[in-house]
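Novice: show me how the following folds:
(one chain, ligands or ions: 1)
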Amino acid sequence: MTTIDDCRFIDLPRIGDRKGNITPIYGGKHIPFDIARVYYLYDVPGGAMRGGHAHKELQQLIVSVMGAFDVVLDDGQRKKTVSLDRAYYGLCVPRMIWREQENFSSGGICLVLASMPYDENDYIRDHGTFLREKLRL
Ligand code: TYD
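Specialist: Residues are numbered from 1 along each chain as shown. All right, here's what the predicted structure looks like:
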């Protein structure tokens, strides 16, 4: 059973010079899964909350490539809030962790690397159902 302690920060490579920085990310090398999908959240209005669900199997790396936001992690027993505000580290979230993203700074961009294609059947969008599933595991 996954817990919030399994949600790890991962330092990403940073290749920098006076012209700026590059961060390359390889699935299976920098993060513990192959990358099946990339998406990003942007133009998030102030005060909006994203997420609000868990995934049955999907693993993700969440990176703030621009600006900052908070991620609230919940394993059904404990919660913690972490802040992401750098393009060279990410938060690795395993399966069956409830997450909410909030407090997006103006212009903030949240990059997500995902282990699976989009599949609505992989989502648990009801918190009560999530808690029951965690108790069952
Ligand atoms: P959702 O994952 O609930 O967004 P968030 O967790 O950021 O609040 O997705 C919102 C909508 O976008 C939902 O109707 C499904 C759709 N969607 C896709 O079609 N493909 C994707 O890769 C993602 C992430 C979402």
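Novice: mind checking how far residue 130 is from the ligand?
Specialist: As judged by C-beta to the nearest ligand atom, to the nearest Å, residue 130 and the ligand stand 14 Å apart. C-betas here are computed from N, CA, C, even on glycine.
Novice: equivalent analysis for residue 106, please.
Specialist: Per C-beta to the nearest ligand atom, residue 106 is found 18 Å from the ligand.
Novice: what do you get for residue 105?
Specialist: Counting by C-beta to the nearest ligand atom, the gap from residue 105 to the ligand is 16 Å.
Novice: and what of residue 82?
Specialist: Here residue 82 is placed at a distance of 16 Å from the ligand (C-beta to the nearest ligand atom).
Novice: chain neighbours aside, what residue packs nearest to that residue?
Specialist: For residue 82, ignoring the flanking residues on the chain, the nearest one in space by C-beta to C-beta, 6 or more residues apart in numbering is residue 71 at 5.4 Å.
Novice: which residues touch the one you found?
Specialist: Contacts for residue 71 (C-beta atoms under 8 Å, 6 or more residues apart in numbering) come out as 51, 62, 81-84, 91, 93, 99-101.
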